[in-house]
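Enquirer: sequence first, then the predicted structure:
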Amino acid sequence: MASKGRICVTLVLAVLVAAAGVHAQQRSVTVMGTWGGQELEAFLKVLEPFEAATGIDVEFTGTRDLVAVLTTRVQAGNPPDIALLPNPGFVKEMAEDGHLVVLDDVLDMEQLRQDYAQTWLDLGSVDGKLYAIFLSADLKSLVWYNPKEFAAKGYTVPATWEEMLELTRRIAGEGGKPWAIGLESGAASGWPGTDWIEDIMLRTAGPEVYDQWVNHEIPWTHPAVRRAFELFGEIARNDDYVYGGTTYELATNFGDAVRELFTSPPNAFMHRQATFIQSFILQHYPDLVPGEDFAFFALPPIDPQFGTPAMGAGDMVGMMRDTPEARALMRYLASAGAQQIWVSELGKLSANQRVNPNAYPDAITRAAAEVLINADVFRFDASDLMPAAVGSGAFWEGILMYVGGEDLDNVLEYIESVAQDAYGG
């Protein structure tokens, strides 16, 4: 219980720092984000100590169509004081258009550099100035499995991509299905496959080429992109390797596919997905124990020179109106104390290195946070950084086309044709 005491002390200090300079008569700060349900409940708990200590009322507006609503309000001259920002690409766009406040003189930059690895500050920066911070993150470069079934079958966690393929072949040779993959997600169907491509790109081409790909400095027909699709296809287009084959992949929701690991006997043994899949596992099987009944290993390296990079997404927060109340809240949200409440409620991860590991609800989430913090290379989800017509359009469609049996040349040429228009030729 001592750890909770330390958390409370940290929170009180964080709130006091956040409240510094805020006049007692100043009243409110407006925040816009996507949160609803459990996420909103968690955010309200994050705000409780801040509101109690400062007397500032935080007024939250939630919308699932954040970009459109936020853009409309900005154009009308009525932005919120603080806004959730979906990705670094949107941060860059809003900063370049003059809609975000530079945080360099709002936050304690010296403390921030101690708390966050430089890669996280770079993701929130434009032209060397900080415009957004990460409230939390999701790690995507993970493969989930059932430790009890692995032990029963004599399977060991692979340390390299080739070892993972050897395990895949062994399971298939023994009559099992190595993988469970679900690509269906309504209008966003296909996105789980883009995560595979992005992780493979980082492991075969490296972060610099990955960045070139995001910025369309190399075409979609480039050999590095082709290789990533082919390595994905070795698994995803092989009906011997995937439970239910490609028909199942295309028809099954991403949150349902993981269930196949926990049937008796298991329908599949591995599932590549982000940290947030744990909530789906426990929703389907609430009695499972994290770390005992399910666990993960980092998606293994492919080319040794690029190691085991981490890829993911996160909740970014920026300031749109410069008021004392907004400054106070931004300082608080950047603190380890605020983020400890957030991660303890949701099982999200924090990139803040001062967050107490005991704040995480279980060993699985603590382990994922350690992977995230210690990664030498982290890159944001590429499709989230690309123009919408590509990242959440042709790329998603291309995954469905490819898994559905379309020739890879046709798929890549199609995405490239869309990219040519989206990036301006």
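Expert: All right, it came through fine.
Enquirer: what about the strands in the stretch 251-400 of the chain?
Expert: Using DSSP state E, counting those that start in this stretch, the strands assigned to the stretch 251-400 of the chain run over residues 270-272, 295-298, 310-319, 378-380.
Enquirer: do you know which of those lies nearest residue 356?
Expert: Closest approach to residue 356 among those (C-beta to C-beta): strand 310-319, 19.3 Å. Where you see a C-beta, it was placed from the backbone N, CA and C, and this is true even at glycine.
Enquirer: residue closest to the middle of the protein?
Expert: residue 313 (2.4 Å; C-alpha atoms, centre = their mean).
Enquirer: for it, list the residues it contacts.
Expert: For residue 313, the contacting residues are 87, 137-138, 140, 274, 380-381, 384, by C-beta atoms under 8 Å, 6 or more residues apart in numbering.
Enquirer: pLDDT weak spots in the stretch 1-150 of the chain?
Expert: Counting by pLDDT under 70, the stretch 1-150 of the chain has low-confidence residues at 1-26.
Enquirer: could you redo the last one with a cut-off of 50?
Expert: Flagging of the stretch 1-150 of the chain using pLDDT under 50 yields the residue ranges 1-10, 12-24.
Enquirer: before we move on, the earlier item: would you turn the strands of the stretch 251-400 of the chain into a markdown table with mean pLDDT and distance to residue 240?
Expert: As requested, the strands of the stretch 251-400 of the chain are arranged in a markdown table below (pLDDT from 0 to 100; distance: least, C-beta to C-beta, whole Å):
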| stretch | mean pLDDT | distance to residue 240 |
| --- | --- | --- |
| strand 270-272 | 98 | 14 |
| strand 295-298 | 96 | 22 |
| strand 310-319 | 94 | 27 |
| strand 378-380 | 91 | 32 |
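Enquirer: so which of those gets nearest residue 366?
Expert: strand 295-298 (12.1 Å).
Enquirer: what's the span of stretch 48-59, first residue to last?
Expert: Stretch 48-59 has an end-to-end distance of 12 Å (criterion: C-alpha to C-alpha, to the nearest Å).
Enquirer: and it, what's buried?
Expert: Within stretch 48-59, the residues scored as buried using 16 or more other C-beta atoms under 10 Å are 49-51, 53-56, 58.
Enquirer: what of stretch 86-103?
Expert: 86-95, 99-101, 103.
Enquirer: stretch 365-380 too?
Expert: 365-369, 371-373, 375, 378-380.
Enquirer: who's in contact with that stretch?
Expert: Outside stretch 365-380, the residues that reach it (C-beta under 8 Å, 6+ apart) are 87-88, 117, 119-120, 123, 137, 139, 141-142, 198, 202, 207, 210-211, 275, 278, 290, 296, 298, 306-314, 343, 347, 349-351, 353, 355, 357, 360.
Enquirer: so the helix or strand where residue 90 lies versus strand 310-319, what angle?
Expert: Per DSSP states H and E: residue 90 is located in helix 88-96. Angle, helix 88-96 to strand 310-319, by axes from the mean of the first three to the mean of the last three C-alpha atoms, to 10 degrees: 30 degrees.
Enquirer: for the helix or strand following helix 88-96, which positions count as buried?
Expert: Sequence-wise, the next helix or strand downstream of helix 88-96 (DSSP H and E) is helix 109-115. Neighbour counts over helix 109-115 (16+ other C-beta under 10 Å) mark 112, 115 as buried.
Enquirer: roughly how far apart are residue 228 and residue 145?
Expert: 23 Å (C-beta to C-beta, to the nearest Å).
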